[in-house]
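Asker: please find the sequence and the predicted model below.
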Amino acid sequence: MSRLPTVAIVGRPNVGKSTLFNRLVGKRLALVDDRPGVTRDRREGDAHLLGLDFRVIDTAGYEDEDPDTLPGRMRRQTQAAVDSADVALFMIDARAGIVPLDEEIARWLRGASTPIVLVGNKAEGRAAEAGLIEALSLGFGDAVQLSAEHGEGVADLFEALLPHLEALDAEEAAEDDENPDAPLKLAIVGRPNAGKSTLVNRILGEDRMITGPEAGITRDSIAIDWVWHGPDGPRDVRLIDTAGMRKRAKVQDKLEKLSVADALHAVDFAEVVVLLLDATLGLESQDLRIADRVLEEGRALVIALNKWDVAEDPSKLFNGVRTALDEGLAQVRGVPLLAVSAATGKGIDQLIGAAFATREAWSRRVGTGELNRWFERAIEANPPPAPGGKRIKLRYLTQAKTRPPGFVLFGTRVDELPMSYQRYLINGIRRELGFGAVPVRLMLRAPKNPYGGN
């Protein structure tokens with residue numbers, strides 16, 4: 001499992017470090033009070049900020065005291081936290097302005113090897129303007145303007161942290177993705193009696209799952225480790241067979257409800273989901289509902305037409321299902337569609353190969369430079385609209401996460417960007433940057449205007 005990057009929050013007492021810590025972890029883990037010096041030990045928590053995941057450390061207020069006193073020992077803990085962090089947030093109180101202790105901390109941090117991001121807390125309103133200008137003298141550039149208490153300025157904090165954490169995340173992702181031993185977590189879902197367990201038995205080459213003409217034999221989601229001998233050598237796969245999913249209105253039996261819930265749980269833990277269709281029945285509305293659920297969960301999707309050996313007019317059937325899928329799943333046109341036969345084994349190697357290729361696209365990361373060169377071309381070819389005659393200015397695009405790919409679009413008045421234009425960008429990302437038909441997330445962020453309320 002990848003190590004989360006670490007961010008330490010440092011500063012003199014009572015500038016709002018613990019308030020920011022609580023906001024980033026989403027819980028009141030750290031005690032907060034108007035009195036300085038409430039925090040004494042380092043406190044750690046898992047933080048989530050607009051798609052960025054990292055470990056955050058709340059430190060004691062840095063005080064210039066004898067090393068043997070309690071404040072001195074607290075300072076040693078803070079120094080150790082900064083030394084071990086990947087990036088440190090140096091927080092000042094923008095309303096109080098720069099005091100001698102801030103300058104003392106700045107001298108120490110300038111000598112540290114850890115990258116520093118200056119944060120001006122309590123920056124809402126005009127009272128903070130003078131303090132933010134003074135902060136330039138500390139030598140860390142413009143301060144990120146933030147109100148930890150009210151949650152204002154988090155988009156700007158994200159923007160400041162991203163260059164530091166993105167490089168680390170990319171290194172970790174590359175290590176994970178380059179690992180040839182990483183097993184493919186592959187769930188097989190579909191309506192009852194589509195042939196899921198028969199397909200698993202054919203893949204494994206043994207009667208591992210009970211099968212029969214009766215629908216609903218499988219009740220639990222069963223995970224089986226298996227090695228696929230593909231063209232590039234052996235690859236590990238964790239196969240998950242699930243219970244059939246009927247329309248909700250038809251699911252009355254309590255045990256069947258639990259089985260369907262278990263199947264949905266299996267989807268959450270899969271990387272790639274194979275939706276198995278019965279070629280003798282074609283595509284039904286329930287199949288599209290299952291596919292929608294898989295894509296909503298952010299999983300990569302492959303669709304397989306089973307019982308191909310007994311299908312009537314196979315060419316017409318395949319083209320009809322392809323057209324219906326592109327209409328019914330318009331948000332991800334071109335989902336891989338393969339013909340297989342669990343009875344004869346036809347198409348199984350192609351199915352597993354497509355699942356590995358789809359996982360590769362689902363895990364893909366595009367560098368910020370390449371992404372923004374494409375973004376500039378996309379905007380030039382089709383500029384954003386100007387609702388009410390006011391221009392929407394799109395500044396830049398960055399990839400915040402993979403699995404599924406998530407992008408953050410920064411700009412002014414992005415809350416007025418029409419869904420049609422967002423779809424234009426998402427479809428371009430898929431088509432031109434190698435993401436294929438995997439679910440792509442796009443988040444819109446506008447930087448905070450410090451004078452917006454005045």
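Answerer: Done, it's in.

Asker: alpha carbons only for contacts and neighbour counts from here, please
Answerer: Fine.

Asker: skipping adjacent residues, who's closest to the most centrally placed residue in the chain in space?
Answerer: Central residue of the chain (C-alpha atoms, centre = their mean): residue 401, 4.4 Å from the mean position. The shortest distance from residue 401 to any non-neighbouring residue, by C-alpha to C-alpha, 6 or more residues apart in numbering, is to residue 51 (6.3 Å).

Asker: could you verify my assumption that the one you found touches residue 406?
Answerer: Yes. Using C-alpha atoms under 8 Å, residue 51 is in contact with residue 406, at 7.4 Å.

Asker: just the helices in this protein please.
Answerer: 17-25, 70-84, 100-110, 129-134, 154-178, 196-204, 254-269, 285-296, 314-328, 348-362, 368-381, 419-432 (DSSP state H).

Asker: mind putting those helices into JSON lines with mean neighbour count, distance to residue 148 and mean pLDDT?
Answerer: Shown next, in JSON lines, are these (neighbours: other C-alpha atoms under 10 Å; distance: least, C-alpha to C-alpha, whole Å; pLDDT from 0 to 100):
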{"stretch": "helix 17-25", "mean neighbour count": "23", "distance to residue 148": "5", "mean pLDDT": "91"}
{"stretch": "helix 70-84", "mean neighbour count": "18", "distance to residue 148": "20", "mean pLDDT": "72"}
{"stretch": "helix 100-110", "mean neighbour count": "15", "distance to residue 148": "19", "mean pLDDT": "93"}
{"stretch": "helix 129-134", "mean neighbour count": "17", "distance to residue 148": "16", "mean pLDDT": "95"}
{"stretch": "helix 154-178", "mean neighbour count": "17", "distance to residue 148": "8", "mean pLDDT": "70"}
{"stretch": "helix 196-204", "mean neighbour count": "22", "distance to residue 148": "51", "mean pLDDT": "87"}
{"stretch": "helix 254-269", "mean neighbour count": "18", "distance to residue 148": "33", "mean pLDDT": "53"}
{"stretch": "helix 285-296", "mean neighbour count": "17", "distance to residue 148": "31", "mean pLDDT": "87"}
{"stretch": "helix 314-328", "mean neighbour count": "15", "distance to residue 148": "43", "mean pLDDT": "93"}
{"stretch": "helix 348-362", "mean neighbour count": "19", "distance to residue 148": "34", "mean pLDDT": "95"}
{"stretch": "helix 368-381", "mean neighbour count": "14", "distance to residue 148": "28", "mean pLDDT": "92"}
{"stretch": "helix 419-432", "mean neighbour count": "15", "distance to residue 148": "30", "mean pLDDT": "95"}
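
Asker: among those, which is nearest residue 226?
Answerer: Among these, the nearest to residue 226 by C-alpha to C-alpha is helix 196-204 (7.2 Å).

Asker: so what does that closest one touch, helix or strand wise?
Answerer: Counting contacts by 3 or more C-alpha pairs under 8 Å, 6 or more residues apart in numbering; DSSP states H and E, helix 196-204 is packed against strand 184-190, strand 233-241.

Asker: partner strands of the first one, parallel or antiparallel?
Answerer: In this case it means strand 184-190. Strand 184-190 has the following strand partners under DSSP bridges: strand 233-241 (parallel), strand 272-278 (parallel).

Asker: now those strands as JSON lines including mean pLDDT, mean neighbour count and distance to residue 122?
Answerer: Shown next, in JSON lines, are those (pLDDT from 0 to 100; neighbours: other C-alpha atoms under 10 Å; distance: least, C-alpha to C-alpha, whole Å):
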{"stretch": "strand 233-241", "mean pLDDT": "88", "mean neighbour count": "19", "distance to residue 122": "50"}
{"stretch": "strand 272-278", "mean pLDDT": "94", "mean neighbour count": "26", "distance to residue 122": "45"}
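
Asker: reformat those strands as JSON lines; add distance to residue 392.
Answerer: Shown next, in JSON lines, are the strands paired with strand 184-190 (distance: least, C-alpha to C-alpha, whole Å):
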{"stretch": "strand 233-241", "distance to residue 392": "46"}
{"stretch": "strand 272-278", "distance to residue 392": "37"}
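
Asker: neighbour-wise, which of residue 51 and residue 406 wins?
Answerer: Legend: neighbour count by other C-alpha atoms under 10 Å for residue 51 and residue 406, higher for residue 406 (20 against 16).

Asker: ok, that one - contacts?
Answerer: Residue 406 makes contacts with 51, 399-400, 440-443, as judged by C-alpha atoms under 8 Å, 6 or more residues apart in numbering.

Asker: please identify which pair of the residues you listed lies farthest apart.
Answerer: Taking C-alpha to C-alpha, no two of those sit farther apart than 51 and 440, at 12.9 Å.

Asker: would you convert the helices and strands packed on helix 196-204 into CSV that also reports distance to residue 110?
Answerer: CSV is the format used below for the helices and strands packed on helix 196-204 (distance: least, C-alpha to C-alpha, whole Å):
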stretch, distance to residue 110
strand 184-190, 45
strand 233-241, 48
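
Asker: and these: which comes nearest residue 11?
Answerer: Residue 11 lies closest to strand 184-190 among the helices and strands packed on helix 196-204, at 44.1 Å (C-alpha to C-alpha).

Asker: quick one: the closest one to helix 348-362, angle?
Answerer: If you take axes from the mean of the first three to the mean of the last three C-alpha atoms, to 10 degrees, strand 184-190 sits at 110 degrees to helix 348-362.

Asker: please work out how many residues are found near residue 364.
Answerer: Residue 364 sits with 20 neighbouring residues when counted by other C-alpha under 10 Å.
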